[in-house]
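# let me see the structure of the following:
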Amino acid sequence: MKSAKASAPTPPPKLLQLCNPEALQREMQQIQHAISSRAFELFESRNREHGHDWEDWFQAESELLRPVSIAISDTPDRFSIRANVLGLTEHELKVSVEAKRIAILGGKDLGKKETTAAAGAKETPPADVYPDRILRLIALSSEVDPAGAVVELQSGVLRFELPKVKKAEAKVAAVAGA
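Alright, predicted model coming up:
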């Protein structure tokens, strides 16, 4: 006898728009600054005892960022990458694709508009208020074509399909840029 339990239909994937890598880098620097500040606090709490810099950095990251598991499939013509971003919506994620790197930034506050103070200055909440943030940089072993990238979010999985640049095209681009 088959189970009468009906499974909920899987929602269709949502296409994500790629962000400008330079703009995303500025946002990532804010989070990296928060991690650096927390690592320094840990260093000071140990009476400035040297030799624990990596330990302090990783502790700060674990306090401020949620881990993101990644699966990469590499074929001769493309990379297929899956990132677990369960709990985040397409409005809470920002991604960029560069020739040899992917950046993923996410958090509950990314979908909210910045509030304005009475004086008109923008207030951005500190990164450490949102422990549900993600920041992940993925280095690629081969060049990809960012224009051909497809990035989708479905059921908590961020999926990248990245066509590789053919070696002859990469050499021509390198010579043209030199």
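
# can you show me the strands along this structure?
Here the chain has its strands, by DSSP state E, at 14-15, 70-74, 78-84, 93-98, 101-106, 115-116, 122-123, 134-139, 150-154, 157-163.

# just put those in TSV and tack on distance to residue 24.
Where C-beta positions appear, they are placed from N, C-alpha and C, glycine not excepted. Listed next are those as TSV, based on distance: least, CB to CB, whole Å:
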stretch	distance to residue 24
strand 14-15	18
strand 70-74	18
strand 78-84	15
strand 93-98	5
strand 101-106	6
strand 115-116	22
strand 122-123	18
strand 134-139	10
strand 150-154	13
strand 157-163	14
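
# of all these, which one is nearest residue 47?
Comparing the strands of the chain by their distance to residue 47 (CB to CB), the top pick is strand 134-139, with 29.5 Å.

# just the CA trace of the closest one, in PDB.
C-alpha atoms of strand 134-139 as PDB (Å, rounded to 0.1, in the frame of the first residue of the first chain):
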ATOM      1  CA  ILE A 134      26.600  34.500   5.400                       C
ATOM      2  CA  LEU A 135      29.700  35.500   3.500                       C
ATOM      3  CA  ARG A 136      31.400  33.100   1.200                       C
ATOM      4  CA  LEU A 137      34.000  33.600  -1.400                       C
ATOM      5  CA  ILE A 138      34.600  30.700  -3.800                       C
ATOM      6  CA  ALA A 139      37.800  30.600  -5.900                       C
END
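
# buried set for it?
Within strand 134-139, the residues that count as buried by 16 or more other CB atoms under 10 Å are 134, 135, 136, 138.

# tell me the one of the residues you listed nearest residue 28?
Proximity of the buried residues of strand 134-139 to residue 28 (CB to CB) peaks at residue 135, which lies at 6.0 Å.

# and the longest helix seen in the chain, how far out from the chain middle?
Counting residues, the longest helix found in the chain (DSSP state H) is helix 21-45. Offset of helix 21-45 from its chain centre (CA atoms, centre = their mean, to the nearest Å): 15 Å.

# buried set for it?
21, 24, 27, 28, 31, 34, 35, 38, 39, 42, 43.

# also stretch 77-93?
The neighbour-count check on stretch 77-93 (16+ other CB under 10 Å) flags 78, 79, 81, 83, 84, 85, 88, 90, 92, 93 as buried.

# for stretch 58-73, same thing?
Buried-residue list, stretch 58-73, by 16+ other CB under 10 Å: 60, 61, 64, 65, 66, 68.

# residue nearest the centroid of this protein?
Note on the chain: the residue nearest the mean C-alpha position is residue 104, at 1.4 Å, using CA atoms, centre = their mean.

# residues contacting the nearest residue to that one once chain neighbours are set aside?
Closest residue to residue 104 apart from its sequence neighbours, by CB to CB, 6 or more residues apart in numbering: residue 136 at 4.5 Å. Contacts for residue 136 were tallied using CB atoms under 8 Å, 6 or more residues apart in numbering; they are 68, 70, 83, 103, 104.
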